[in-house]
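[1] curious how this folds, go ahead:
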Amino acid sequence: MTTTTGPHPTRRLILQGAASVALIGLGNLPFAPAGAAANDKYPEEAFKQKSEADAIKALYGKTAEPSDKVKLDAPEIAENGAVVPIAVTTTLDKVTSISFFVAENPNALAASYKIPDGTLPSVANRLKMAKTTNVVAIVEADGKLYSATKEVKVTVGGCGG
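    Residues are numbered from 1 along each chain as shown. Below you'll find the model as predicted:
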C-alpha cells in the first residue's frame with residue numbers, strides 16, 4: 001500500500017503554477033520596439049490638409065517624382081465608393097513609409113504607414129471615395145519620394161459614370 005503526504009496536485013494548482021512561470025518568463029522579454037513605435041508622432045497636420053499638394057508638403061516637406069518601381073493596384077471603376085480596394089508594392093530599397101492620397105476627398109491624405117527595416121514594402125487598404133478622382137501612392141525610400149497615380153471612376157450603384 002502506497003501513501004503520500006502533503007497536498008495533492010490539482011488541476012487548479014498546476015494551472016496556477018504554469019501561469020506563474022509564464023509571467024516570470026515575460027519579464028525577460030524586451031518590449032522596446034513596441035514602445036518606440038508608440039512614440040512616433042502622429043502626422044495630425046498632414047491629415048487636416050484639403051489639397052493633395054499641401055498634405056504631401058505637411059507630411060514629407062518635399063515633392064515626389066513618378067516612378068515605375070512603385071506599383072499602384074486600384075480598380076478602374078469602383079462600383080461602391082465606400083470601399084475602394086487599393087494596394088501598393090515597390091521594388092525600391094530602404095522604404096521607410098507608404099502613403100495614400102485621394103485628391104477630391106475632403107481631406108487629401110487617406111492613410112500613411114511607417115515601414116520598419118526588414119519589412120516587405122507592400123500595403124493594402126480600402127478607401128472611401130466621394131467621386132471620380134486620382135489616387136496617389138507615395139513611397140519614401142532612402143530619403144527620396146516616389147509616386148504612382150491612377151484615376152479611379154466612382155459609379156453610383158455600379159451604373160457607369
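
[2] got a pLDDT number for the residue nearest the centre of the chain?
    Relative to the mean C-alpha position of the chain, the nearest C-alpha, by Cα atoms, centre = their mean, is the one of residue 113, at 4.2 Å. As predicted, residue 113 sits at a pLDDT of 91.

[3] how near is residue 147 to residue 19?
    Per Cβ to Cβ, to the nearest Å, residue 147 is found 51 Å from residue 19. The way it works is simple: take the backbone N, C-alpha and C, and place the C-beta from them, glycine included.

[4] quick one, strands of this protein?
    In the chain, the strands defined using DSSP state E lie at 65-66, 70-73, 77-78, 84-90, 95-102, 109-114, 122-127, 133-141, 144-154.

[5] now do the longest one and strand 122-127, the angle between them.
    Relative orientation of strand 144-154 versus strand 122-127 (axes from the mean of the first three to the mean of the last three Cα atoms, to 10 degrees): 40 degrees.

[6] lowest average confidence, helix or strand, in this structure?
    Lowest by mean pLDDT, DSSP states H and E among the helices and strands of the chain is helix 32-38, with a mean of 48.
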